[in-house]
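Participant: Fold the following.
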Amino acid sequence: MEGQEKTDNGPDGSLPPLKFVVRTNNGVELWRATPEIAKEDKFVSVAGQAAHFSNDGKLVAIISPDNVAIFHADTCQAVATIPEPNVISVAFSPQNVFLLMWKRWSKEQQATGVGNVSIWDIKNSERVHDFVQKKAQWPAIQWTEDELLSAKMVSSEVQFFVGQKWDHSVKAIKVPGVEDFAVAPGVSPPTVAVFVPEKKGGPGFVRIYKYPKVGEVVSSRTLWKAQNVEFLWNSKGSAVLVMTHTSVDRTGKSYYGETGLQFLSTDSSLDCNVSLDVEGPVHDAKWSPDGTQFVVIYGYMPAQTTLFNEKCQKLADFGRAPRNNARWSPCGRLLALAGFGNLNGQMDVWDVKRVRKVGSAVADCGCSIEWSPDSQLLLTAALSPKIRVDNCYTIWRYDGSIYHQCAYPVLYEVTWQPIAPALFPLRRIKAPSQSKTSTPSPAAPAKPAIYQPPSMRGQAPVHNKEEEEAQKPRKYRANQLPAERELPVGAAPESKTALRNKQRRQRRKQKGQEQGEDTERDTTESDGSGGAHEEQTQPDAGKQLRAVQKKLRQISLLKEKQAAGQQLDKAQLSKLASAPDLERELAKLSQG
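Facilitator: Predicted structure coming up:
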């Protein structure tokens, strides 16, 4: 272990201690991060295959092969033990009254006559309801925050229930082909978003309903490239981001399918395709804790990161870098951007208001990243089975220095205990040079040199100004917001080459109009030369003479046809009538 130190959190201070759960092959352990790094001796390490906190962090459920044990996170005392084997996932109700469990559906489960999804009363450890759900849609039941209403998806409708009466639905949103739904945060009456995927060449759609008027669509958005979606509600429940996915990229640019991002508001004031500057997939999107801003990481690597307000207007760009994870601090003032998975683990922490980088670090082989409830620490981990060697977790200060680090032979999971951010004071954001450091963070690996052919070696490097500008962060003012252009759903933004060609066409068109105006002005203005100017502008007399002679030959042919008895149309008769005028013009031109 490294970097242990004391803080003002915990029994000796005025702030609640920060705790986190560590799950290894030897069991589940509970640790304190403040006031100093220490293991909770009161918590008896138990074997478990998953650990899950309640929303308020007061309870923690540990899933074992034979049962689910529930503990009080502060006192470490056992609250209940539910004798349900082979549980895969659990979820607490908002008020910690019920525990929702899900098991895989199988023939053995069918033989028991009990559904694979069950609801348990935590206080009495009793099963109060169960039902069958073959499709993995989790959580299967979604409550309002006051637990007065709950909803679940059954066949082609979303049903609503009052209290614990899950045997009888009071209302239902009937949408044929519905595949997913999400209840917005907040108390009753709830707002619900539903999704129907594209089918047989037809588009899919997302619709928003408000209970109890389940037959009226509040907002809707048609989706063309959407086989499944992820709903991202803001904390106010006033808007939702819909991240769309397809399993196949028809353009052939990606092995992982196509992605998109849609925005819908619950008051139907705005529903649109989120306008992204560069082409490529959407890696991550996250709302700020107050629900007024959201950040999107998108584009081919190095990816672009842009901050939007709740009207989908750009507020800032954080430049381009190898990133695919975004995490807001609970206070909403700091933003962590990281590149995990097949990226090098580079992490940057930004002061969102000033669009200023306040910390950087490299989390080698990182798989997860999470803020502490006090917005001062970041927890990263290299986890098994994705990473088979060098399993460890690291707690960082936001400036990039290491607060604590611990390695394990096998590490499966590390997560903070949730605590209300309002219990912690807002602290001044310090620049990297001002913040204290006890253990330096590992240096970033040196970038490999860019390959140059032999003919160009020794020459000065060629700089691309557009790429250099894209790497820099930028904050938009109200009068500097880039013009937004609505794109059809599923349509890709124009490439740089297409935009350059469009600008060239506009410049040529504008130049041609200016030249035409200059020519017209030159012909209308008098320069005092009188007849000399008129001679320059008059057409050639020889050309006029030949044109008149041609018309008279045509008229003579028409006269022959008329004499032969052929019927002439109005245009031909009109041409015959013009013969005297043409003869006079011919005589005038011959004399001239």
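
Participant: mean confidence for stretch 296-310?
Facilitator: Stretch 296-310 shows an average pLDDT of 91 in the prediction.

Participant: buried ones in it?
Facilitator: Within stretch 296-310, the residues scored as buried using 16 or more other C-beta atoms under 10 Å are 296-299, 302-308, 310. C-betas here are computed from N, CA, C, even on glycine.

Participant: can you check stretch 343-361 too?
Facilitator: The neighbour-count check on stretch 343-361 (16+ other C-beta under 10 Å) flags 343, 345-352, 355, 357-359, 361 as buried.

Participant: to the chain's geometric centre, what's the distance from it?
Facilitator: With C-alpha atoms, centre = their mean, to the nearest Å as the basis, stretch 343-361 stands 19 Å off its chain's centre.

Participant: re earlier: of the buried residues of stretch 343-361, which belong to strands?
Facilitator: If you go by DSSP state E, the buried residues of stretch 343-361 have 346-351, 357-359, 361 in strands.

Participant: returning to that earlier point: which of the buried residues of stretch 296-310 lies closest to residue 53?
Facilitator: Of all the buried residues of stretch 296-310, residue 297 has the smallest distance to residue 53: 26.2 Å, by C-beta to C-beta.

Participant: Does that closest one touch residue 283 like I think?
Facilitator: Yes - look at residue 297 against residue 283 with C-beta atoms under 8 Å: they come within range, at 4.4 Å.

Participant: and for the two, which residues touch both?
Facilitator: 303, 323-325 (C-beta atoms under 8 Å, 6 or more residues apart in numbering).

Participant: which of those residues are buried?
Facilitator: 303, 323-325.

Participant: Could you find which two of these are furthest from each other?
Facilitator: Farthest pair in those, by C-beta to C-beta: 303 and 325, 10.5 Å.

Participant: Mind listing the shared neighbours of the two?
Facilitator: Common contacts of residue 303 and residue 325 (C-beta under 8 Å, 6+ apart): 283, 297.

Participant: still on that earlier bit, just the buried residues of stretch 296-310 now: which is nearest residue 498?
Facilitator: residue 299 (16.1 Å).

Participant: pull the helix or strand with minimum mean pLDDT from this protein.
Facilitator: Least confident helix or strand of the chain, by mean pLDDT, DSSP states H and E, is helix 531-537 with a mean of 41.

Participant: next structured bit after that one?
Facilitator: helix 541-563 (DSSP states H and E).

Participant: Can you dump the C-alpha atoms of the helix or strand that comes right after that next one in PDB for me?
Facilitator: Scanning forward in sequence from helix 541-563 by DSSP H and E, the next helix or strand is helix 570-577. Written as PDB, here are the backbone C-alpha positions of helix 570-577 (Å, rounded to 0.1, in the frame of the first residue of the first chain):
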ATOM      1  CA  LYS A 570     -49.400  30.200 -86.100                       C
ATOM      2  CA  ALA A 571     -45.600  30.500 -85.500                       C
ATOM      3  CA  GLN A 572     -44.900  29.900 -89.200                       C
ATOM      4  CA  LEU A 573     -47.600  32.400 -90.300                       C
ATOM      5  CA  SER A 574     -46.100  34.900 -87.900                       C
ATOM      6  CA  LYS A 575     -42.700  34.400 -89.500                       C
ATOM      7  CA  LEU A 576     -44.300  35.000 -93.000                       C
ATOM      8  CA  ALA A 577     -45.800  38.200 -91.800                       C
END
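
Participant: so how far is helix 570-577 off the chain centroid?
Facilitator: With C-alpha atoms, centre = their mean, you get 70 Å for helix 570-577.

Participant: which strands and helices sit next to it?
Facilitator: Contacts defined by 3 or more C-beta pairs under 8 Å, 6 or more residues apart in numbering; DSSP states H and E place helix 570-577 against helix 541-563.

Participant: Which residues belonging to the helix it packs on are considered buried?
Facilitator: Those would be 544-545, 548, 555, 558, for helix 541-563 by 16+ other C-beta under 10 Å.

Participant: Kindly report the same for stretch 207-220.
Facilitator: 207-211, 214, 217-219.

Participant: Residues in contact with it: which ones?
Facilitator: Applying C-beta under 8 Å, 6+ apart, the contact partners of stretch 207-220 are 149, 160, 171-173, 175, 188-194, 205-206, 221, 240, 264-268, 271.

Participant: what's the span of it from first residue to last?
Facilitator: With C-alpha to C-alpha, to the nearest Å as the measure, stretch 207-220 spans 4 Å from end to end.

Participant: State which strand of this protein is the longest.
Facilitator: Longest strand in the chain, counting by DSSP E: strand 213-223.

Participant: got the angle between the next helix or strand after that strand and strand 213-223?
Facilitator: Next in sequence after strand 213-223, counting helices and strands by DSSP H and E, comes strand 228-233. If you take axes from the mean of the first three to the mean of the last three C-alpha atoms, to 10 degrees, strand 228-233 sits at 120 degrees to strand 213-223.
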